[in-house]
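Undergrad: When you get a sec, could you give me coordinates for this:
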Amino acid sequence: MSYAVVKGSGYILVHAPDMVRSFGTTRMNENVNQIDSEYLQNIDEHLRSFEEVVAYPPNQVFIGNVKPEDLREYDFPWYTQSINAANRVGSLGEIMPQDEFFALLKISDVFDLVKLDKAFTILIKQKISKHPLITSDMVSRLKEGEDKANIEKFINEQKALPLYNDNKLIGCVKRAHELDDNLNARIITENLISKASSALAFLHLIENTTTDVKSIDYVIECSEQACGNEKQRGGGNFAKAIAEMVGAVNATGSDTRAFCAAPIHALVQAAALVKAGVYNNVVVVGGGAASKLGLNGKDHVMEGIPILEDVLGATAILVSKNDGVSPVIRTDLVGKHTVGTGSSPQAIITSLIVSPLDKAQLKVTDIDRYSVEMQNPDITRAAGAGDVPEANYKMIGALGIKRNEITHKEISGFIEKHGMPGWAPTQGHIQSGIPYIGHALKDFKNNVVERVMIVGKGSLFLARMTNQFDGISIIMEKNDGKVMCESVPGITEDVVKKMIAEAMRGFASQVLKNFE
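TA: Sure thing, here's the model as predicted:
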């Protein structure tokens, strides 16, 4: 049976400056512990405008307007650089301003928990109705808005969470239960943020692939959120809620959780389901993590630089039956970090990189591009964490030296040829290899690459359930155009056509003999 293929993608960012103040865990913890801290006093001065966020080179890479390798042409640090005439819309998706996203937040709410001010609703209706992917039915869900007096009452008397835009109160999110902490206003808001941003990425995926949304069979959601109630804290189901929002009426789905590695786990699951013939079209989608906003904000403020973690990020990937064109997912070459692997960097890289290469009898140089933890070094260097992608590429290069596949002198060239600068914002699930897939599809189409490896890593110990690390990798390859016959494994469509043609000739010959 044929390998499944990656048919398309959608990538979005949401500029969220007021959400940095409201939802970022760094800011919330500081507010509890050090109310007079320098960070809290100076946070507003370090928040960027929407125009600055759009013009920021790594963000333009994320939405597909700039190639990852082209980041090398910009002087570092990149926050001092900007792209002239940068567009909020890219070939892979878009960067949405905060006010429009609040409209999308309301649209995603089916229990009437999001309350937006009447005046704000009038303005945002006019704006969001011009968005090419937002339907009139979606706009109608904004309704007429709420009196500001009622919003203030919800906040003061019912523990609703205030929503701010440009530091002005424009609405609130009500709690969904008086006693259940899993349904309090903050968690409901975070979950709606994840749902709404996922839906936007999903919509761009459908637009980018010209796919009939009704043809989607299954959705796997892989963000860092977990929705449920006190009896089932992570019961779900984000996937089905997102499918409903975008009109995927023939889809069902489920949620997959594995911290930053979750999207790669989900891709493997999607590819396996399609290859097995269970579903024809599976979407892997992950929404923005509000708690990660401003994660390293204290360090950025101390360094006197902008708070660079001011965007939510979401991705959507379409995995489908082999079409003979799109790159295939080699489900027989999955690298995995097992329970017995160990957590040393060398052990992790060996399990994720070397094992699948050995299975396929490939060298480290046979992978044209490795997409590892593509974290933006603008963010991590200022926080003292160095350049994460570069560190990963050095370890892969070191393995190549150990295997006598490259020399010490060649390691710099190896990193430049097979690696990329990082550009992903701190959003957990999109830090691993997933941001490159949209660009990889272009690179396959333009014959830039024939084989790439997508790597995901996760920190399972964060849940305090185990000290185990996590990791998984997949190899994508250029499609050879040979689509296998589903009913007879190992037989291509061309062979089947030839067999049918020969059979027909034999039948015709026999008919002629009967008439002789």
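Undergrad: all contacts plus neighbour counts: C-alpha atoms, from now on.
TA: Fine.
Undergrad: Could you list every helix and strand that whatever helix or strand Val20 lives in packs against?
TA: Under the criterion of DSSP states H and E, Val20 resides in helix 17-23. With contacts defined as 3 or more Cα pairs under 8 Å, 6 or more residues apart in numbering; DSSP states H and E, helix 17-23 has these neighbours: helix 25-33, strand 161-165.
Undergrad: residue boundaries of the strands in the stretch 401-516 of the chain?
TA: With DSSP state E, counting those that start in this stretch as the criterion, the stretch 401-516 of the chain has strands at 451-458, 470-477.
Undergrad: any idea which of the helices and strands packed on helix 17-23 is most buried?
TA: Of all the helices and strands packed on helix 17-23, strand 161-165 has the most neighbours on average by mean count of other Cα atoms under 10 Å, namely a mean of 21.
Undergrad: Send me that one as PDB with only the CA atoms.
TA: Output of strand 161-165 as PDB, limited to C-alpha atoms (Å, rounded to 0.1, in the frame of the first residue of the first chain):
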ATOM      1  CA  LEU A 161     -11.900  37.600  32.900                       C
ATOM      2  CA  PRO A 162     -11.500  41.100  31.300                       C
ATOM      3  CA  LEU A 163     -10.300  41.500  27.700                       C
ATOM      4  CA  TYR A 164      -8.300  44.500  26.700                       C
ATOM      5  CA  ASN A 165      -7.400  46.000  23.300                       C
END
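Undergrad: who does that strand pair up with?
TA: strand 168-173 (antiparallel) (DSSP bridges).
Undergrad: Give me the buried positions along stretch 57-71.
TA: 57-68, 71 (16 or more other Cα atoms under 10 Å).
Undergrad: surely Lys363 meets Lys402?
TA: No - in this structure, Lys363 is not within contact of Lys402 by Cα atoms under 8 Å, at 11.6 Å.
Undergrad: Report the beta-bridge partners for Ser254.
TA: With DSSP bridges as the rule, Ser254 is bridged to Ile220.
Undergrad: What are the boundaries of the helices in the stretch 151-300 of the chain?
TA: 185-209, 238-246, 262-275, 297-302 (DSSP state H, counting those that start in this stretch).
Undergrad: now for the second one, which elements pack on it?
TA: Counting contacts by 3+ Cα pairs under 8 Å, 6+ apart, helix 238-246 is packed against helix 185-209, strand 218-221, strand 252-255.
Undergrad: again with the last one
TA: Under the contact criterion of 3+ Cα pairs under 8 Å, 6+ apart, helix 297-302 touches helix 25-33, helix 38-42, helix 377-382.
Undergrad: how about a markdown table for the ones you listed, with distance to Leu308 added?
TA: Output for the helices and strands packed on helix 297-302, formatted as a markdown table (distance: least, Cα to Cα, whole Å):
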| stretch | distance to Leu308 |
| --- | --- |
| helix 25-33 | 14 |
| helix 38-42 | 14 |
| helix 377-382 | 6 |
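Undergrad: coming back round to it: quick one: closest of the strands of the stretch 401-516 of the chain to Asp212.
TA: Proximity to Asp212 (Cα to Cα) singles out strand 470-477 among the strands of the stretch 401-516 of the chain, at 24.5 Å.
Undergrad: Name every strand pairing with that closest one and say which way it goes.
TA: When DSSP bridges is applied, strand 470-477 pairs with strand 328-329 (antiparallel), strand 335-336 (antiparallel), strand 451-458 (antiparallel).
Undergrad: Now mean pLDDT and mean neighbour count too, for these, in CSV please.
TA: Formatted as CSV, the strands paired with strand 470-477 follow (pLDDT from 0 to 100; neighbours: other Cα atoms under 10 Å):
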stretch, mean pLDDT, mean neighbour count
strand 328-329, 98, 28
strand 335-336, 96, 26
strand 451-458, 95, 26
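Undergrad: So which of the ones you listed is nearest Asn42?
TA: Closest approach to Asn42 among the strands paired with strand 470-477 is made by strand 451-458 (32.6 Å; Cα to Cα).
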